[in-house]
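Trainee: show me the folded form of this:
(chains A and B)
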Amino acid sequence: MDNRAQILPGTLELLILKAVSLGPLHGYGILLRIGQISKGALTIEQGALYPALFRLVRKGLLKATWGISENNQRAKFYELTPAGRKRLRKEMEGWNRLVAAIGNVLRTRPGEL
Amino acid sequence: MTIFSSIRTLLAFLFRRPQVEQEMEEELRLHLRSRADDLEKSGLPRAEAERRARIEFGGYQRYKEECREALGTRLLGELIADLRYGLRQLRRNPGFAAVAILTLALGLAASTAIFSVINGVLFQPLEYANPGRLVAIQLFVPEWAHKFPITPLNPATYLAWSHQAKSLAGIAIVEAGDTLNLTSGGEPALLSADAVTANLFDVLGVWPQLGHNFLPDADQAGHNHEVILTHTLWQNRFHGDPNVVGHTIALNGSPYTVAGILPASFHFPVANHLMPAFGPTPKPELFVPDVFDKDDLAADAGFRLGAIARLNPGVSLAEATAELNVILSRLFHSVPVTQRPRTVMMPLRDMIVRSSKRGLWILLAAVLALVLIICVNLANLVLTHATARGHEAAIRSALGASRCRLLRQTLAETLLLGLAGGGLGLVLAHWALWGLLVVAPSGLPRLHNVYLDGAVLGFTLAISVLAGLLAGALPAWRMAQAHPQDALRSGSVRTGDSGGRLQARDFLVGLETALSTMLVIAAGLLIVSFAKLENVPKGFAVEHILTVNLQLPSAQYTQAQQRSEFWRRVLAATSALPGIESSAVTNWMVLAGEMNDDPVNLPGDTRPERPMASYRRVSPAYFKALGIPLLRGRELTWADVGTPAVVISEAAAKTIWPGVNPIGQRFDVDPSSRFPGFQVVGVVGDTRSVTLSKAPTPMVYQPYHGDLTGSLILRTRLRAAALAPELRRAIWKIDPGVAVPRIRSMNQIVSASLSARRFETLLTSLFAAAALLLACLGIYGVVSYSVVRRTHEIGIRMALGAQKADVLRVAVGQGMKPALVGLGAGIVGALGVTRVLSSLLYGVKPTDPLTFVAVALILLGAALLACYIPARRATKVDPMVALRYE
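Mentor: Sure, this is the predicted structure:
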């Protein structure tokens, strides 16, 4: 069985925010960053990245500026806005709470209740 | 997401749409290229690397679309695409587009023109200062209510109100319809003047363009020698000379100082727009101060005044009315409570447009019904094309186009048609409005306010959009119903329509027929009314009668004897003119309104409602000149002047002395007998000399004597233009200071009294005719369409032995079925709706069976014709050709 996990719906935006929080990136760079920090454990269909990026820009969580990429090509770079940073913090707390809660549920053994 | 960012993207999209698209493309391409580069580095050949990169990326177009959606621009983009698509469809069918746009444009032009009249007359504020606080005041007098629901007020009432009312900032009196002889500068001219209290222009908040308003005491006896001229009179008579201000002019032989010139923008309502009981009067050309006679100050005398008042800030109409009623009940404390006059107060504008309102709204309703019919017709046309396009729709739906998108595309097409029609309509409206103003009745108030302004543009835009959407609604809905399977099935076999589409077209044709039926019935009722009114037995001669109004200068003719002498000499001189058969004079011209009505008081009559009669003074030849027959007793002679002798009309005889010989009977105007009593010496035929639309009023004819004003009535076969110089010479020989204004024929007077009805009837008939034509086109379309679609079937039928008559019957039936249903529905609808016309009708009930039957027959005939023409083509189908049709 494939040990790579499909990402949960709705978490893509969280991943993007996290990836960008480490420094401005262009679209392909975000993809690489997510692959790199998850050590290839998370896969996303690459095209799905862009609608999510556009949505985040529209929500004012990301800022997009045109710049020059590492291989000297014109590329659009995304970075967090203050609102984006705040959102990331909130989402991360929410996520950790959720994971902890679900983890507790899953660890429950018969007789413990 | 913030509103600003949405707006920014939207603006960016609108103005930099190609750039946004291009940047999106660039970003995605960069991704693919970078990925392919990486894959290549890991050892794949370039072509394979690019292929893998594309696969990993997923649906390129799909994500692009999602990006657009994320940008919030997809909807707009699609909308623009839909409009483009619509435009392309229209360009592909230029004939259809032209017909659609032209019919829409004509309908919208007509409705725009009529709406601009409504807007100018009913909606625009009056052009006085703070017009919302201006009110018109009249009285409701229970005793006269059966005849005049609204009565003018009198000096006593005015004085009480102006001294006591706290809710009014000011109240001004208008005594309208006076005529004055202007003798300074050139030939004498007869001017129409309003006598007003000195505060009128202060109440209105209008200042003269030159000079000053009346001084506060200008309406006090002895000070009343100032006059204010309208701009028109100043231009026409004084050539716009500013030096005329402060100068003296002679009016009725008395000197008046010109106090001021009103601005050109000043318009003032004519008498019957302030006082509904009045007849039509010309527009006032100048204003003189009104001075009340001492005789007129009694509480029950002189009900002939109009009043304009300004409410104090914060006072409502109801509060002011209540206060004035309290003052009235003090003034009329001797009258039983139920018989006391009450206040009738309404915003000044409402009073001015009161009589024209209903007619205008009905015209708007009629023209909107016509626009609706045009929409239905258009829907029908679009549906025909939609059949051809149904195949395309089904294929697109099979390829994944959403229903919503299909719906929008059809709507976009009709919307474009609507807007194009509206645009062209606006251009045509310019001429339509011009034509409308040419035929508009002179009695329609405030026509100077009518033009195409922002409100009218808004109306036209709204109606165009609405028309476009309405025309597209049904076809769009049908289009969205397209099933992919249908496309695949119907592609090969021409079986004609699915049942649903035919039903939709039948429905539209039925609807169209129903609406046209209603419109034609309305027009029919108006036409019948008009014809009846025009041909109603009037009781007086209309042909070969010329009339002219004369006014004696009051300063020279102070004695009744002098005036009497003048009129006798004029009558003698005019009857001696060649071509004049007889010549008479009256103080109150026929069809000049009801203002000379007074009660008839019999000795010992205790009825609470005394009979009313119209009193007028006539010279002996009056009955002969107007062809009014003598029924009993004798006519009046000059010897009757100064005696109680009067002649009454038959209606008066019947209502006042039913079953009794009226000759020799005595009566009085008033129980208090301030006037000498009357004695009946003769009875003459009835005339509709008050208004044509009411049954003959009881008339009392008194002998004519020393009046200052009079209308000459000349029976002659001469034309007015031929008579004018002779007449002028004859009158100026007697007194060169008397103005001889325009001669009017009785025909003109009768025609003018019907002008509002003529206007409404003419326009409604025009709309109805257009509606009928459109309905016929609709029926024609249905039948000819079905004949074409069924050529194959008809061919088979004929090959199998069907007769031409059978084919004809089937084809005609196809069109007549929806037409008959529509006709029935229209008749039922008309039964419910024509009631609103009742106040415009004369001599027919709103449900007049004869009109309904006649209209039904007309529509039936037209529908049959519309069916027959295309159906005949069906009978000419050659079976062999038809079978080879596939």
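Trainee: residues in contact with residue B:238?
Mentor: By CB atoms under 8 Å, 6 or more residues apart in numbering or on different chains, the contact set of residue B:238 is B:185, B:229, B:244. Any C-beta I mention is one placed from the backbone N, CA and C, and that applies to glycine too.
Trainee: could you give the bridge partners of the second one?
Mentor: When bridges are called by DSSP bridges, residue B:229 pairs up with residue B:261, residue B:286.
Trainee: ok, it - contacts?
Mentor: Residue B:229 is in contact with B:238, B:244, B:258, B:260-262, B:285-286, counting by CB under 8 Å, 6+ apart.
Trainee: please repeat the previous calculation with a cut-off of 7 Å.
Mentor: With contact taken as CB atoms under 7 Å, 6 or more residues apart in numbering or on different chains, residue B:229 is in contact with B:258, B:261-262, B:286.
Trainee: distance of it relative to chain A?
Mentor: In this view, residue B:229 and chain A are 69 Å apart by CB to the nearest CB, to the nearest Å.
Trainee: the last one too?
Mentor: According to CB to the nearest CB, residue B:244 and chain A sit 73 Å apart.
Trainee: what's the neighbour count on that residue?
Mentor: Residue B:244 is flanked by 20 other residues according to other CB atoms under 10 Å in any protein chain shown.
Trainee: chain neighbours aside, what residue packs nearest to it?
Mentor: residue B:238 (4.6 Å; CB to CB, 6 or more residues apart in numbering or on different chains).
Trainee: phi, psi of that neighbour?
Mentor: Here is the backbone geometry of residue B:238 (degrees, to the nearest 10): phi -110, psi 10.
Trainee: one more: residue B:153?
Mentor: Backbone torsions of residue B:153, given as degrees, to the nearest 10, read phi -100, psi 180.
Trainee: just residue A:64 next, same as before
Mentor: Per-residue torsions, residue A:64: phi -110, psi 130 (degrees, to the nearest 10).
Trainee: and the residue positioned nearest the centre of chain A, how far is that from residue A:72?
Mentor: Taking CA atoms, centre = their mean, the centroid of chain A lies closest to residue A:15, which sits 0.8 Å from it. Separation of residue A:15 from residue A:72 (CB to CB, to the nearest Å): 28 Å.
Trainee: and the closest residue to residue B:377 other than its chain neighbours, what helix or strand is that in?
Mentor: Spatial nearest neighbour of residue B:377, excluding adjacent residues (CB to CB, 6+ apart): residue B:774 at 4.9 Å. Element membership for residue B:774 (DSSP states H and E) is helix B:755-789.
Trainee: and the following helix or strand past that helix, what does it pack onto?
Mentor: Sequence-wise, the next helix or strand downstream of helix B:755-789 (DSSP H and E) is helix B:791-799. In terms of contacts (3 or more CB pairs under 7 Å, 6 or more residues apart in numbering or on different chains; DSSP states H and E), helix B:791-799 is packed against helix B:804-833, helix B:879-883.
Trainee: now do helix B:791-799, average pLDDT.
Mentor: Mean pLDDT, computed over helix B:791-799, is 82.
Trainee: thought residue B:760 was touching residue B:363, still the case?
Mentor: Yes. Counting by CB atoms under 7 Å, residue B:363 touches residue B:760, with 6.3 Å between them.
Trainee: overlap in contacts of these two?
Mentor: Shared contacts of residue B:363 and residue B:760 (CB under 7 Å, 6+ apart): none.
Trainee: what is the lengthiest helix in chain A packed up against?
Mentor: Ranked by residue count, the top helix of chain A under DSSP state H comes out as helix A:82-107. Packing contacts for helix A:82-107, counted by 3+ CB pairs under 7 Å, 6+ apart, involve helix A:12-21.
Trainee: I'd like to know how far the residue nearest the centre of chain B sits from residue B:229.
Mentor: Nearest residue to the geometric centre of chain B (CA atoms, centre = their mean): residue B:360, 2.7 Å. Noted for residue B:360: a distance of 32 Å to residue B:229, by CB to CB.
Trainee: before we move on, what about residue A:110?
Mentor: Between residue A:110 and residue B:229 the distance is 110 Å, computed by CB to CB.
Trainee: circling back: surely the residue nearest to the centre of chain B touches residue B:118?
Mentor: Yes. Counting by CB under 7 Å, residue B:118 is a contact partner of residue B:360 at 5.2 Å.
Trainee: which parts of the stretch 501-650 of chain B are helices?
Mentor: Using DSSP state H, counting those that start in this stretch, the helices of the stretch 501-650 of chain B run over B:560-575, B:622-625, B:650-656.
Trainee: in TSV: the ones you listed, plus distance to chain A, mean pLDDT and mean neighbour count.
Mentor: Converted to TSV, these look like this (distance: least, CB to the nearest CB, whole Å; pLDDT from 0 to 100; neighbours: other CB atoms under 10 Å in any protein chain shown):
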stretch	distance to chain A	mean pLDDT	mean neighbour count
helix B:560-575	91	91	17
helix B:622-625	89	94	23
helix B:650-656	84	91	20
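Trainee: got CSV for those helices, with distance to residue B:384 too?
Mentor: Output for the helices of the stretch 501-650 of chain B, formatted as CSV (distance: least, CB to CB, whole Å):
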stretch, distance to residue B:384
helix B:560-575, 70
helix B:622-625, 66
helix B:650-656, 62
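Trainee: next, count neighbours for residue 52.
Mentor: Reading this off chain A. So residue A:52, with other CB under 10 Å, has 20 neighbours.
Trainee: hmm, I had chain B in mind actually
Mentor: Counted by other CB under 10 Å, the residues lying close to residue B:52 total 16.
Trainee: just checking, it is part of a helix?
Mentor: Yes. Residue B:52 forms part of a helix when assessed by DSSP: H, G, I helix; E, B strand; the rest coil.
Trainee: does it touch residue B:37 like I think?
Mentor: No. Here residue B:52 lies out of contact with residue B:37, judged by CB under 7 Å, at a distance of 11.8 Å.
Trainee: so what pLDDT did residue B:69 get?
Mentor: 75.
Trainee: CA atoms of the host helix or strand of it as CSV?
Mentor: Here residue B:69, judged by DSSP H and E, is contained in helix B:60-71. Presented in CSV, the C-alpha positions along helix B:60-71 are these (Å, rounded to 0.1, in the frame of the first residue of the first chain):
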residue,chain,number,x,y,z
TYR,B,60,-5.3,22.3,-16.8
GLN,B,61,-8.4,24.0,-18.1
ARG,B,62,-10.4,22.9,-15.1
TYR,B,63,-8.0,24.5,-12.7
LYS,B,64,-7.8,27.6,-14.8
GLU,B,65,-11.6,27.8,-14.6
GLU,B,66,-11.4,27.3,-10.8
CYS,B,67,-8.8,30.0,-10.6
ARG,B,68,-11.1,32.4,-12.4
GLU,B,69,-13.9,31.5,-10.1
ALA,B,70,-11.6,32.1,-7.1
LEU,B,71,-10.9,35.5,-8.6
